[in-house]
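J.: I'd like to go over a predicted model; first the sequence, then the structure.
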Amino acid sequence: MAEENTIQEGRVDRSLAGKVALVVGAGCSGPGWGTGKAIAVHLARLGASVLGMDIKAAAAAETGEVIAREGGRYHSIQGDATSETDAQTAVETCVGHFGSVDILVNNLGIGKIGGVVDTTLADWERVFGVNVTSAFLMSRAAVPKMIQAGGGSIVNISSIGSNRWTGVPLLAYSASKAAMNQLTQQTAMQHAARGIRANAVLPGMIMTPMMLAPMRQHYGADVEEVVRKRDAMVPTGKMGSAWDIAYTVGFLASDESRFINGVVLPVDGGLSCQISAPI
């Protein structure tokens, strides 16, 4: 009854005070704000202790510098989430340093432009390894710890490319993110009764440092032209930012979303609602 009254009174909030988050891919590939960096900083601002994992130690540490300046709690670890050993080590380090893993954010994503004819087997396997095998290994390592603690929240960063043609041939990327959606829902359904939620965020056109290189390659244009073209694709007339993804992750990690589980949520300014060509 007390819990019921709390919900009715609207007292469940988004504070993550006392929670511990493990953010995979917490660094940034260049100047500015990538999704992993923004997610780690936002979760820390909400009160969580954050362990940031990245294959580039300097990138993970740089994110920590931002959090430290704001008085947050952060610990970085260098590791390759496609490695079974590194995934297990990251989870054990998080538990050892902060006491638990309440929130796991699987944020890795790489893409290689190419379709079914011009995608090499090596590129296919590399993209699947980084994008979905890493999330499987991290989840496999973290879920037992969450069960022991009475529950937790997993947020996987997928893509609207997982279920839509985006106008760019990214076969391996899109297929791997589609696999991530099912990894999310299978995990959610199997472990819901143990207090574990798993949801996927599907970013649309998001302005990040990592986006620029492959898009410049595809469009054959300078940065300004790439941004203009991408802005024009979005119904709102402007791409989203890494913070739009971070805010969504903060919600899904918090008790405000306590009854949301197994959701595959587009965060795209309405992009995936539209038919872009005449019918």
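T.: It's in. Numbering: from 1, shown residues only.
J.: For residue 115, see how far away residue 75 is.
T.: For residue 75, the distance to residue 115 under the criterion CB to CB, to the nearest Å works out to 41 Å. Glycine gets a C-beta too; all of them are placed from N, C-alpha and C.
J.: Those two: who's more crowded?
T.: residue 75 (19 against 10; other CB atoms under 10 Å).
J.: Surely the more buried one forms part of a helix?
T.: No. Counting by DSSP: H, G, I helix; E, B strand; the rest coil, one finds residue 75 to be strand, located in no helix.
J.: What segments of this protein are strands?
T.: With DSSP state E, the ranges of strands along the chain come out as 20-24, 49-54, 74-78, 103-106, 152-157, 196-203, 206-207, 240-241, 264-267.
J.: For the third one, which outside residues touch it?
T.: Spelled out, it's strand 74-78. Contacts with strand 74-78, where a contact means CB atoms under 8 Å, 6 or more residues apart in numbering, come from 26, 40, 44, 49-57, 60-61, 63-64, 67-68, 89-90, 93-94, 97-98.
J.: Using CSV, write out every CA atom in it.
T.: Listed next in CSV are the C-alpha coordinates belonging to strand 74-78 (Å, rounded to 0.1, in the frame of the first residue of the first chain):
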residue,chain,number,x,y,z
TYR,A,74,33.5,8.1,-11.7
HIS,A,75,36.1,5.4,-12.3
SER,A,76,37.4,4.5,-15.8
ILE,A,77,38.6,1.2,-17.1
GLN,A,78,40.3,0.4,-20.5
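J.: which regions of this protein sit below the pLDDT cut-off?
T.: Across the chain, the stretches falling below the confidence threshold (pLDDT under 70) are 1-13, 213-221, 276-279.
J.: longest helix anywhere in it?
T.: Of all the segments of type helix in the chain, defined by DSSP state H, the longest one is helix 171-191.
J.: Can you show me the helices along the stretch 1-150 of the chain?
T.: Counting by DSSP state H, counting those that start in this stretch, the segments of the stretch 1-150 of the chain that form helices are 2-8, 35-45, 57-69, 84-98, 121-128, 134-149.
J.: Indicate which one of those is closest to residue 258.
T.: Shortest distance between residue 258 and those, using CB to CB, is found for helix 2-8: 8.6 Å.
J.: Residue 200 is nearest to which of the helices of the stretch 1-150 of the chain?
T.: helix 134-149 (9.5 Å).
J.: buried set for that closest one?
T.: Of the residues in helix 134-149, those buried under the neighbour-count criterion (16 or more other CB atoms under 10 Å) are 134, 135, 136, 137, 138, 139, 141, 142, 143, 145, 146, 149.
J.: what's the distance between the second one and residue 128?
T.: Spelled out, it's residue 135. 11 Å.
J.: elements contacting the longest helix of the chain?
T.: Here helix 171-191 is seen to pack against helix 121-128, helix 134-149, strand 152-157, strand 196-203, strand 264-267 when contacts are counted using 3 or more CB pairs under 8 Å, 6 or more residues apart in numbering; DSSP states H and E.
J.: wait, what's in contact with residue 19?
T.: The neighbours of residue 19, taking CB under 8 Å, 6+ apart as the test, are 47, 48, 49, 102, 103, 253.
J.: let's see 6 Å
T.: With contact taken as CB atoms under 6 Å, 6 or more residues apart in numbering, residue 19 is in contact with 48, 102.
J.: Quick check on it: phi, psi?
T.: Dihedral angles of residue 19 (phi, psi; degrees, to the nearest 10) stand at phi -100, psi 160.
J.: how close does it get to residue 230?
T.: When residue 19 is compared with residue 230 (using CB to CB), they lie 34 Å apart.
J.: Next: residue 101.
T.: Noted for residue 101: a distance of 35 Å to residue 230, by CB to CB.
J.: Show me which of those two is the more surrounded one.
T.: Here residue 101 and residue 230 are compared on neighbour count by other CB under 10 Å; more neighbours surround residue 101, at 28 against 19.
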